[in-house]
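Visitor: What shape does this take:
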Amino acid sequence: MEEDDIWIRLNNGWEFSGIGRQLEGQTEGHGFGWALWQPGYVARPWPYGELKPGFTYYLCDKGFGERAVTARATVVRDPLTVKVHSVQDAFDALLELMFDDLTWMPHEVWHANPYNRLKFDSPWPQRLTAWRVVTEPFGPLFRSELARFPRCGWLKSPATILGEEALSP
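Guide: Alright, predicted model coming up:
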């Protein structure tokens, strides 16, 4: 990755602000990201080497009628990858290994998530990769380059896509 490249994660249509908690007096929120994929699938592009504590990326949502960058996320815990046998099994793994008082998602929200719903009829088992983040509002910034994302949900782009704001965390 070039020094001035950034990563943008498609937020899969879920309300990031409703995940985890924001403590009184803080401007940052707590949350997590995840992906479900079949064994043997190699996601490209994917920030394999970068996805660890301290890694910063941007979240892209479609809540404004078109896609826009709406938050900056910084990874605060090493990602976990586990084998799961169903969407419910993935939720149970998150419940055991990732969720706490600051980072959680209600069971109904997990099952109603459009990304997870697509996985219901997929072949199982799959791998769940999940990571914890703190987030801060950013934007919304609308860019035509955000209209299409690779299948894996990650987009690597020059930082100039977001203007000067992206260069100063």
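
Visitor: distance of the residue nearest to Pro39 when sequence neighbours are not counted from Leu80?
Guide: In space, Pro39 comes closest to Arg127 once its chain neighbours are excluded; the distance is 6.0 Å by CB to CB, 6 or more residues apart in numbering. (C-beta placed from N, C-alpha, C; glycine too.) Separation of Arg127 from Leu80 (CB to CB, to the nearest Å): 10 Å.

Visitor: likewise Cys60?
Guide: Using CB to CB, one gets 23 Å for the distance from Cys60 to Leu80.

Visitor: what about the helices in this protein?
Guide: 87-97, 107-112, 114-119 (DSSP state H).

Visitor: looking at the ones you listed, which is buried most?
Guide: Using mean count of other CB atoms under 10 Å, the stretch among the helices of the chain with the greatest mean number of neighbours is helix 87-97 (a mean of 16).

Visitor: Format the helices of the chain as CSV; extra columns: distance to Thr135 and mean pLDDT.
Guide: Listed next are the helices of the chain as CSV, based on distance: least, CB to CB, whole Å; pLDDT from 0 to 100:
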stretch, distance to Thr135, mean pLDDT
helix 87-97, 17, 95
helix 107-112, 17, 90
helix 114-119, 18, 89
